[in-house]
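S.K.: Return a 3D structure for these sequence lines:
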Amino acid sequence: MKINEEIRAKEVRLVSSANEQLGIISLRDALRLAAEQNLDLVEVAPTAKPPVCRIMDFGKFRYEQQKREKEVKKKQKVITVKEVKIRPNIEDHDFNVKLKNAQRFLDDGDKVKATIMFRGRELSHPELGKQVLVRMATLLKDIATVERDPKLEGKNMIMILAPKPHNP
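M.R.: This is a model prediction of the structure:
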């Protein structure tokens, strides 16, 4: 936004600090009116013909704008994707450890990317990896939804789980 002497138009449509239309006047007169009230002249609509300027306290306006932006940021939840890597022939105890990790990530509100890594001849039996991922999805169905079904990508099979929204 351009303020005071930064404005380069000859005439401006002026709006007072009380939101009253003062009409189209010269820039010099608008600056004088703003100075008399100890306020700034701010260009709010530079593309209009003539540009629209408003008399306001620019410092206070900018402070309130930053405060609103901060409030909006505060309410946002950044969702990250956490990864759990598994092998197709995983033992039950190891599987339960990975399952608890995935459950903790989902409880924190993060998405979980479950990856089965195949090596060598394991790749000839992708159904074994799919069974492990489906087992994980069924055990976590109370707290998560499957966002992306198990799919083989190169030597890895990937499934993405998203937390279910909480209803208090």
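S.K.: CA only for contacts and neighbour counts going forward, please
M.R.: OK.
S.K.: And Val42, which helix or strand is it part of?
M.R.: Taking DSSP states H and E as the definition, Val42 sits inside strand 40-45.
S.K.: For the helix or strand following that strand, which outside residues touch it?
M.R.: As assigned by DSSP H and E, the chain's next helix or strand after strand 40-45 is strand 52-56. By C-alpha atoms under 8 Å, 6 or more residues apart in numbering, the surrounding residues in contact with strand 52-56 are 12-17, 34, 39-46.
S.K.: Distance from the chain centre to whichever helix or strand comes after strand 52-56, please.
M.R.: Downstream of strand 52-56, the first helix or strand assigned by DSSP H and E is helix 58-75. A distance of 17 Å separates the centroid of the chain from that of helix 58-75, by C-alpha atoms, centre = their mean, to the nearest Å.
S.K.: With stretch 43-60 instead?
M.R.: From the chain centre to the centre of stretch 43-60 is a distance of 30 Å (C-alpha atoms, centre = their mean).
S.K.: Can you mark which positions in that stretch are buried?
M.R.: Glu43, Val44, Pro46, Pro50, Pro51, Val52, Cys53, Arg54, Ile55, Met56, Asp57, Phe58 (16 or more other C-alpha atoms under 10 Å).
S.K.: Sweet, I'm off.
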